[in-house]
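Asker: fold the following.
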Amino acid sequence: MTTIHLIYGEPAVTTLRQALEAAGRPDRVIALCDDLTVGPLRDIDVAGNPGVAQRAAFWERLGDAPPALAHDDCAALNALEADDSHVVIWHTHDAAHQLALRRVCYRLRDVPQRLNEVRLTADEISGPNAAARIEARLPDAAPISVLRITRLALEWQEAKFANGETRRWRDNTFTSGTWSDLDAMILDVLDAHEDRPAGASWLASDALGAALTRGGAGFTVGEPVVLWRLRELCAAEELRLRDDMCAACAPLAAAARAARPPLPQTAAHLSLPR
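Answerer: Numbering: from 1, shown residues only. All right, here's what the predicted structure looks like:
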């Protein structure tokens, strides 16, 4: 019986394909590219794909990501359900990987004997010799227990029901966030960056995204999301934005923000403990 490998993200897929080729394995690899940490999720698995249409509209609104992402992932999962191959899900502890894992477990929960996994660290799928590291992990694919599949499938249902604007992964738990939460973090990063010498206070979008991820956003903040929020904040005169999409604090904006009352904390939806 053939094996199908799934992993989130195109760079990780390329590495996995290289590893399989080096090992002489003819297995198929499927890329899951829809970043489930952001945007609407409700009804995403419902027949007729009303939720997928909502996600496609969300990505189209951002303008910096192909709206076909949601449709492509849904089509891949539909084909996977119709197959009978063994499935290996490769995942790191990143929020997008964890959500992709839960979605696959939900979609294949009725055939748990097909599901296997390899748990990776972020360093294993990036940097030099990543393909060799992944090749060494090929024998580590192990069945996922029925109990764990059931639990992960339920957690995916929780995430869809909560339908937050963002999904943060902290302490093995997903919580729902809002764009306001992310915007506040962006402005805090820019405020902290403002003390740099003149001309160096502008922060590029990729550096800002990395700072947000390191600073506790709870998910890897992709460039399409960063660019969208920068445009929205610029339109609200909360920051300045150059043509090269580098951002800096707007004059007097920091003082105005400091005078505002704090935002209410969003309610979290809890996942079952691991």
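
Asker: the residue nearest the centre of the chain is in what secondary structure piece?
Answerer: The structure's the chain has its C-alpha centroid closest to residue 96; by C-alpha atoms, centre = their mean the separation is 3.0 Å. Here residue 96 sits within helix 95-107, counting by DSSP states H and E.

Asker: what's the angle between the very next helix or strand once past that helix and helix 95-107?
Answerer: Where DSSP H and E defines the elements, the next helix or strand beyond helix 95-107 is strand 115-119. Strand 115-119 runs at 170 degrees relative to helix 95-107, counting by axes from the mean of the first three to the mean of the last three C-alpha atoms, to 10 degrees.

Asker: which strands and helices sit next to the helix or strand that strand 115-119 is followed by?
Answerer: Remark: after strand 115-119, the chain's next helix or strand is helix 130-137, criterion DSSP H and E. If you count contacts as 3 or more C-beta pairs under 8 Å, 6 or more residues apart in numbering; DSSP states H and E, helix 130-137 packs onto helix 10-22. Every residue, glycine included, has its C-beta placed from N, CA and C.

Asker: state the mean pLDDT of the helix it packs on.
Answerer: For helix 10-22, mean pLDDT is 94.

Asker: for it, C-alpha coordinates in PDB please.
Answerer: What follows is helix 10-22, C-alpha atoms only, in PDB (Å, rounded to 0.1, in the frame of the first residue of the first chain):
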ATOM      1  CA  GLU A  10       5.700  24.900   0.600                       C
ATOM      2  CA  PRO A  11       9.300  25.200   1.900                       C
ATOM      3  CA  ALA A  12       8.700  22.200   4.200                       C
ATOM      4  CA  VAL A  13       7.100  20.200   1.400                       C
ATOM      5  CA  THR A  14      10.200  20.800  -0.800                       C
ATOM      6  CA  THR A  15      12.400  19.500   1.900                       C
ATOM      7  CA  LEU A  16      10.300  16.500   2.500                       C
ATOM      8  CA  ARG A  17      10.200  15.600  -1.200                       C
ATOM      9  CA  GLN A  18      14.000  15.900  -1.400                       C
ATOM     10  CA  ALA A  19      14.300  13.500   1.600                       C
ATOM     11  CA  LEU A  20      11.900  10.900   0.000                       C
ATOM     12  CA  GLU A  21      13.800  11.100  -3.300                       C
ATOM     13  CA  ALA A  22      17.100  10.600  -1.500                       C
END
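
Asker: I'd like the next helix or strand past that helix.
Answerer: Scanning onward from helix 10-22 (DSSP H and E), the first element met is strand 28-32.

Asker: which parts of that next one are buried?
Answerer: Using 16 or more other C-beta atoms under 10 Å as the test for burial, strand 28-32 gives 29, 30, 31, 32.

Asker: ok, now stretch 96-108?
Answerer: For stretch 96-108, the neighbour count (16+ other C-beta under 10 Å) marks 96-108 as buried.

Asker: residue contacts, residue 150?
Answerer: Applying C-beta atoms under 8 Å, 6 or more residues apart in numbering to residue 150 gives the contacts residue 109.

Asker: what kind of secondary structure is it in?
Answerer: The three-state label for residue 150, taken from DSSP: H, G, I helix; E, B strand; the rest coil, comes out as helix.

Asker: distance check, it against residue 57.
Answerer: As judged by C-beta to C-beta, to the nearest Å, residue 150 and residue 57 stand 32 Å apart.

Asker: before we move on, what about residue 229?
Answerer: Distance from residue 229 to residue 57, by C-beta to C-beta: 18 Å.
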